[in-house]
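S.K.: Compute the structure for the input listed below.
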Amino acid sequence: MNYYQNQFKKGKEYEKFIVDKFKEYGITLTLTKDFNEQINIGETYEGYEIKFDDKYKETSNLWIETQERTKIDNKYVESGILRNDNTIYYVIGDYECVFIFSKDKLKELKKTHDIRENNMKTSKGYLLTVIEALENCERYIDLKQKELMDWY
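M.R.: Sure, this is the predicted structure:
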């Protein structure tokens, strides 16, 4: 399985995990039914984009995606915070902690960060440090502590 397919699979598993976890906090999310709906509507009907950052723990940074492509030969297309869909909130993290951002806030932060290409050349975006994430997120959830924290 190539890198993109492997990341896609991890992302889908994480989406289901987040939907189940958010129910515990009283947040109901409904994933769109198929690829066509995801592209035309968004990832959830409620306006949440869910991203799994499996490198977060080792780097202490969140990868905020702005563009993606499935193969090096393909052109980049807007994705993540730049995708034109129903997304209001951008949920990113791993299986221990989750940050919830306003999509508009991440677009605003993009103006002060360098856009770079990932090592696999499948994605462009910027890095957000943990401190910046905590200062700018709407909510932070420590899944180990089962605590929902507001950061303003």
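S.K.: contacts and neighbour counts: CA atoms only from here.
M.R.: Will do.
S.K.: pretty sure Arg69 contacts Asn118?
M.R.: No: using Cα atoms under 8 Å, Arg69 is not in contact with Asn118; the gap is 11.2 Å.
S.K.: Tell me which of these two has more neighbours.
M.R.: Arg69 (17 against 14; other Cα atoms under 10 Å).
S.K.: wait, what's in contact with the more buried one?
M.R.: Counting by Cα atoms under 8 Å, 6 or more residues apart in numbering, Arg69 touches Lys75, Tyr76, Val77, Thr122, Ser123.
S.K.: Excluding sequence neighbours, find me the nearest residue to the first one.
M.R.: Excluding its sequence neighbours, the residue lying closest to Lys75 (Cα to Cα, 6 or more residues apart in numbering) is Arg69, at 6.4 Å.
S.K.: re the thing from before, pick the one among the contacts of Arg69 closest to Asp54.
M.R.: Ser123 (14.5 Å; Cα to Cα).
S.K.: list the contacts for the nearest residue to the closest one once chain neighbours are set aside?
M.R.: Leaving out its chain neighbours, the residue that sits closest to Ser123 by Cα to Cα, 6+ apart is Glu68, at 4.2 Å. Counting by Cα under 8 Å, 6+ apart, Glu68 makes contact with Tyr76, Val77, Glu78, Ser79, Thr122, Ser123, Lys124.
S.K.: Relative to Glu96, how far out is the fourth one?
M.R.: Same thing as Ser79. 25 Å (Cα to Cα, to the nearest Å).
S.K.: Show me which of the two is the more surrounded one.
M.R.: Ser79 (18 against 12).
S.K.: right, and the more buried one touches Glu65 too?
M.R.: Yes: here Ser79 reaches Glu65: they are 6.7 Å apart, a contact under Cα under 8 Å.
S.K.: Can you point out the buried residues in stretch 96-113?
M.R.: Within stretch 96-113, the residues scored as buried using 16 or more other Cα atoms under 10 Å are Cys97, Val98, Phe99, Ile100, Phe101, Ser102, Lys103, Lys105, Leu106, Lys110.
S.K.: ah, wrong one, I meant stretch 66-85
M.R.: Buried, per 16+ other Cα under 10 Å, within stretch 66-85: Thr66, Gln67, Glu68, Arg69, Thr70, Tyr76, Ser79, Gly80, Ile81, Leu82, Arg83, Asp85.
S.K.: Among these, which pair sits farthest apart?
M.R.: Counting by Cα to Cα, the most remote pair of these is Thr70 and Asp85, 19.4 Å apart.
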